[in-house]
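In: Here's a sequence, model it:
(chains A and B, ligands or ions: 2)
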Amino acid sequence: MALDSKVPEGPLEQKWDSHRFRMKLVNPANKRKYSVIVVGSGLAGASAAATLAELGYEVRCFFYQDSPRRAHSIAAQGGINAAKNYQNDGDSIFRLFYDTVKGGDYRAREANVYRLAQVSNAIIDHCVAQGVPFAREYGGLLDNRSFGGAQVSRTFYARGQTGQQLLLGAYSALMRQVAAGRVKLFPRTEMLDLVVVDGRARGIVTRHMVSGRLESHAADAVVLGTGGYGNVFYLSTNAKGCNATAIWRAHRRGALMANPCFTQIHPTCIPVAGEHQSKLTLMSESLRNDGRIWVPQQKEESRAADKIPESERDYYLERRYPAFGNLVPRDVASRAAKLVCDEGRGVGPKVGDLRLGVYLDFADAFQRLGRGVLDERYGNLFEMYEQITGEDAHDTPMRIYPAIHYTMGGLWVDYNLMSNLPGLFVIGEANFSDHGANRLGASALMQGLADGYFVLPYTIGDYFVTAGNSKVGTDHAEFRAVEAAAKGRVEKLLGIKGKRSPDSFHKQLGKVVWEFCGMGRNDAGLRKALAEIPKIRDEFWQDLRVLGTADTLNQNLEKASRVADFLEFAELMVRDALHRTESCGGHFREESQTPEGEALRDDEHFSFVSAWEWKGVGAEPELHKEPLKFEWCKPSQRSYK
Amino acid sequence: MDFTLKVWRQEGPDFKGRLVPYAAKGISADTAFLEMLDIVNERLIEKGEEPIAFDHDCREGICGMCGCVVNGYAHGPEAGTTLCQLHMRHFHDGDTIYIEPFRAKAFPVIRDLVVNRGAFDAIVTAGGYISIRTGSAPDAHAVPVPKENAERAMDAAACIGCGACVASCPNASAMLFTSAKISQFGLLPQGQPERWDRVRSMVSTMERAGFGACTNHGECEATCPKRVSMDFIARMNRDLMLASLK
Ligand SMILES: Cc1cc2nc3c(=O)[nH]c(=O)nc-3n(C[C@H](O)[C@H](O)[C@H](O)COP(=O)(O)OP(=O)(O)OC[C@H]3O[C@@H](n4cnc5c(N)ncnc54)[C@H](O)[C@@H]3O)c2cc1C
Ligand code: FES
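Out: Ligands and ions are numbered 1, 2, ... in the order given. You can find the predicted model right below:
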């Protein structure tokens, strides 16, 4: 299969403009004749659904929570990037583009990233107009901060709740269209499968989570904005319901899965407290702007933090990376933390044989800025930390440790955000597009909203005109067949009547992938995981216990269905990690590092996107490669020294 | 720690519910409340009993999905805390803990501790937005907003839409929720053109949805996990009066 990225010809700065001009427009009178299914109501899904409806399309929006406002985008804390250069500190569209490509360790498509930087400014304008209460300076203008590895201040924020405020903005736009009768919402409705007829995506099959009813929905295009797959690790900063089902089912129906091994670990999360742990909580990395990270110099240190004198502390990021210090990118900061903990210099309670935590210390900042300023910046984070750990970070340093946070991989899409299946579009974290092997802080919110507000609404029209207006209804045999298969699967899950709960399998899977496909990966470990995962999967299908029935709210049935998909997805993720023998971004292959222990890319052999084609459960998937060329941003070894 | 739970079990909207006792033994103090329920549920599954249904998602106090009445308090007895952020260290060994769904006419029970809060979405649909089409916004710096107003608007916008205010109000009023949204926009220059229509429309939708009136008990503010202030209710009432004069 030849992968055509459909990147337009021409100079970088003009690609998007000239493409917009060349794309065909749908006659305004005809727009209401086209229907779009949007799965997901996060930043990507809600912004797309609202904008498509404004344009006049008939839109249906599906999500598993009870209200669109609860999509996981709500949890983003830190901020959103844009190339406004309001701070006059040398930012520009080109610099945001360059930083994103470099930060992604040269594994993203240049043209997509440039477009992202281009539309970033319009996002801020739009959100302000919606009434998003961004932080402001005393003069009434917008405030910015520098975030995760950037040397300019280009991050816009709303206290520690930026994702919440942006999502509420998109939600309000969506509800305005609901009021106008142009969007119909489907709450507590989970997509279980994609329907493909003659190679084109034609609709979805869903389960209503309260009545258990299975339904078919047909449309002229299907848009997936279903978020990331971080929960394959069981413990992550994602919400409990985040899942890979939508993208995985689409994959099984022919959509290619790109770079699944590119997962991001966030350096500043609250450490695991024990076996009961059900999820991990992120402490925004904006904390790294004012906090200093350190561990004791001595192994097995037993003194409390305030009893360890300055001379016996190791501010290891400042020591190893003098230029960037505590602000090195996420992957670098995470690996450095793992390294010091593996050496036995971690802090906090022992989990297994090691103390998995490092200090994030605000003592200097309190002296420099005063408590008032810090509380204004981070008050809600300090409160959250205290709620969870029972410790007050005003008095004692926070303890943090890396956790899975974001997934760069996802369904393969072309420049138009369409997958290889015509009519199936993928936006937000669910696609693989813009972040390469590592995402910069505050860039996911930007990408989700860029896709939904400013890219997809244009490209989808071109598809409608080009693909023609032939209709396929839910009475088509393929809908019947897919619905029957979904029903069969639900019955199968309920019918095993084994002994183990869905969660127990999920935890078991999570441990395997975290250990062998987490922060550090190597050939032997990945092979081990490849042997383990099918065993867990077999056991799942023999020993699963789901009580209750299919026709009521049955949360364990929902979980079981998601875990079943994770058990297949995980295998592909590990396979991808095994195949990519280079290190890049969040994918650290221990065999491929510099003498200083930094990730070592192999551009000669791996400058491509891995796009995998499904061949059946347990069967070897087929690899397709989309070569990556760097014309404007020449690959260099990342160095944050 | 060991606890005795009395949990509301109800098979569906048309079934009668009842409190059922469960033992929750050997729970560590670092466990979050919902993790304690996870443990109880895992044990129920082991015994072949159907687990307790409860809503939750982010488990970090921001999505507004979780919420039950715990010992008579929405989200439990800790101030400024959602149920998912409440930890068992705030209880005493041997405590009996009552866990019931949010109760209000406008929030019918779906199953066990899960309720339908769709009425909140209906209120927002009635005007909880600023009418701006994608692509038509002026530069973000075109209109400066005094920092003070931006901060107040953010205080109001912090609402997570969990419904605790309704559950704790003796009248099951949704005034805190509704006024927070109205105030967020009312405090910003962008929100002015639609200000009067918005307040009229949202308030009348709220009343039709079956929420009660506000009689200044203040339970909503006391229980709000995001500490949204009742001042916004006064502000909304003022706006409503002014709107009637327009
Ligand atoms: C704790 C945390 C903090 C973060 N902080 C930042 C930050 O500061 N800056 C930044 O840029 N990024 C941040 N991120 C990343 C960013 O929040 C996400 O990448 C982004 O919000 C994803 O948006 P989305 O619209 O793609 O998906 P989501 O917001 O995850 O939405 C997914 C939607 O799909 C629906 N859905 C999923 N599966 C199904 C299904 N099978 N059937 C039906 N519906 C389904 C869900 O109901 C939901 O509506 C953070 C992430 C986390 C976890
Ligand atoms: S689960 Fe999201 S607020 Fe509690």
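In: tell me the domain boundaries of the chain?
Out: No chain in the question, so chain A it is. A:267-405, A:477-608 (automatic domain parsing).
In: Oops, wrong one, chain B.
Out: Using automatic domain parsing, chain B is parsed into the domains B:3-100, B:117-245.
In: Of the ones you listed, give the one that comes closest to chain A.
Out: Judged by CB to the nearest CB, the one of the domains of chain B that comes nearest to chain A is domain B:117-245, at 3.0 Å. For glycine as for every other residue, the C-beta is placed from the backbone atoms N, C-alpha and C.
In: Now the terminal residues of the closest one, how far apart.
Out: Counting by CA to CA, to the nearest Å, you get 32 Å between the two ends of domain B:117-245.
In: close to ligand 1, is that domain?
Out: No - applying CB under 6 Å from any ligand atom, one finds domain B:117-245 out of contact with ligand 1, separated by at least 13.6 Å.
In: what's the neighbour count on the closest residue to A:Glu590 other than its chain neighbours?
Out: Spatial nearest neighbour of A:Glu590, chain neighbours left out: A:Asn522 (4.3 Å); criterion: CB to CB, 6 or more residues apart in numbering or on different chains. Number of residues near A:Asn522 (other CB atoms under 10 Å in any protein chain shown) recorded here: 17.
In: where's B:Ile99 relative to B:Leu113, distance?
Out: Here the distance between B:Ile99 and B:Leu113 works out to 7 Å (CB to CB, to the nearest Å).
In: can you pull the contacts of the residue in chain B positioned nearest to ligand 1?
Out: Among the residues of chain B, B:Glu60 lies nearest to ligand 1; the distance is 6.9 Å by CB to the nearest ligand atom. Contact criterion CB atoms under 8 Å, 6 or more residues apart in numbering or on different chains gives A:75, A:279, A:281-282, A:384, B:84-85 as the residues in contact with B:Glu60.
In: on that earlier part again, I'd like the domains of chain B written out as CSV, with distance to A:Glu571 and mean pLDDT added.
Out: Output for these, formatted as CSV (distance: least, CB to CB, whole Å; pLDDT from 0 to 100):
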stretch, distance to A:Glu571, mean pLDDT
domain B:3-100, 26, 97
domain B:117-245, 37, 97
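In: Surely A:Thr206 and A:Pro187 touch.
Out: No - shown here, A:Thr206 and A:Pro187 do not form a contact pair, counting by CB atoms under 8 Å, at 11.4 Å.
In: which regions of chain A lie under the pLDDT threshold?
Out: Where chain A drops to pLDDT under 70, the residues are A:148-149.
In: please redo it, this time with the cut-off set to 80
Out: Along chain A, segments meeting pLDDT under 80 span A:1, A:148-149, A:380, A:596-597, A:637-641.
In: Within range of ligand 2, give me the residues from it.
Out: By the criterion of CB under 6 Å from any ligand atom, no position of chain A is found lying close to ligand 2.
In: in chain A, which helix has the most residues?
Out: Ranked by residue count under DSSP state H, the longest helix found in chain A is helix A:555-579.
In: helices and strands around it, which ones?
Out: Under the contact criterion of 3 or more CB pairs under 8 Å, 6 or more residues apart in numbering or on different chains; DSSP states H and E, the helices and strands touching helix A:555-579 comprise strand A:189-197, helix A:245-252, helix A:477-495, helix A:502-517, helix A:523-543, strand A:608-613.
In: same thing but at 7 Å, please
Out: Under the contact definition 3 or more CB pairs under 7 Å, 6 or more residues apart in numbering or on different chains; DSSP states H and E, helix A:555-579 sits against helix A:245-252, helix A:477-495, helix A:502-517, helix A:523-543, strand A:608-613.
In: Convert the C-alpha atoms of stretch A:292-303 to CSV, please.
Out: Below are the C-alpha coordinates for stretch A:292-303, written out as CSV (Å, rounded to 0.1, in the frame of the first residue of the first chain):
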residue,chain,number,x,y,z
ARG,A,292,14.0,22.8,41.6
ILE,A,293,14.3,19.1,41.2
TRP,A,294,16.8,17.2,43.4
VAL,A,295,17.6,13.9,45.1
PRO,A,296,20.0,13.2,48.0
GLN,A,297,23.6,12.6,46.8
GLN,A,298,23.8,9.6,49.1
LYS,A,299,22.0,6.3,48.4
GLU,A,300,19.3,5.1,50.9
GLU,A,301,19.1,8.5,52.5
SER,A,302,17.0,8.4,55.6
ARG,A,303,16.9,12.0,56.7
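In: and the nearest residue to A:Glu391 once chain neighbours are set aside, which of the three is it?
Out: When the adjacent residues along the chain are set aside, A:Glu391 lies closest to A:Tyr385, with 7.1 Å between them (CB to CB, 6+ apart). State at A:Tyr385, reduced to three classes by DSSP: H, G, I helix; E, B strand; the rest coil: helix.
In: Return the distance of A:Tyr385 relative to A:Gly379.
Out: Here the criterion is CB to CB. By it, A:Tyr385 lies 11 Å from A:Gly379.
In: which of these two has more neighbours?
Out: More crowded of A:Tyr385 and A:Gly379, by other CB under 10 Å: A:Tyr385, with 22 against 14.
In: ok, back up a step: out of the domains of chain B, the one nearest A:Gln14 is which?
Out: When these are compared by CB to CB, domain B:117-245 sits nearest A:Gln14, at 19.4 Å.
In: for the closest one, the distance to its chain's centre please.
Out: If you compare the mean C-alpha spot of domain B:117-245 with that of the full chain, they lie 13 Å apart, counting by CA atoms, centre = their mean, to the nearest Å.
In: swap in stretch B:99-113?
Out: Per CA atoms, centre = their mean, the displacement of stretch B:99-113 from the mean C-alpha position of its chain is 12 Å.
In: Dump it to CSV, restricted to CA.
Out: Presented in CSV, the C-alpha positions along stretch B:99-113 are these (Å, rounded to 0.1, in the frame of the first residue of the first chain):
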residue,chain,number,x,y,z
ILE,B,99,-23.4,6.4,50.6
GLU,B,100,-26.4,7.6,48.6
PRO,B,101,-27.0,9.2,45.2
PHE,B,102,-27.5,12.9,44.6
ARG,B,103,-31.2,13.4,45.2
ALA,B,104,-33.3,15.9,43.3
LYS,B,105,-36.4,15.8,41.2
ALA,B,106,-34.4,17.1,38.2
PHE,B,107,-31.8,14.4,38.7
PRO,B,108,-33.5,11.0,38.4
VAL,B,109,-31.6,7.9,39.6
ILE,B,110,-30.3,5.7,36.7
ARG,B,111,-28.9,2.9,38.8
ASP,B,112,-27.4,2.7,42.3
LEU,B,113,-25.4,5.9,42.8
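In: Cool, thanks, talk later.
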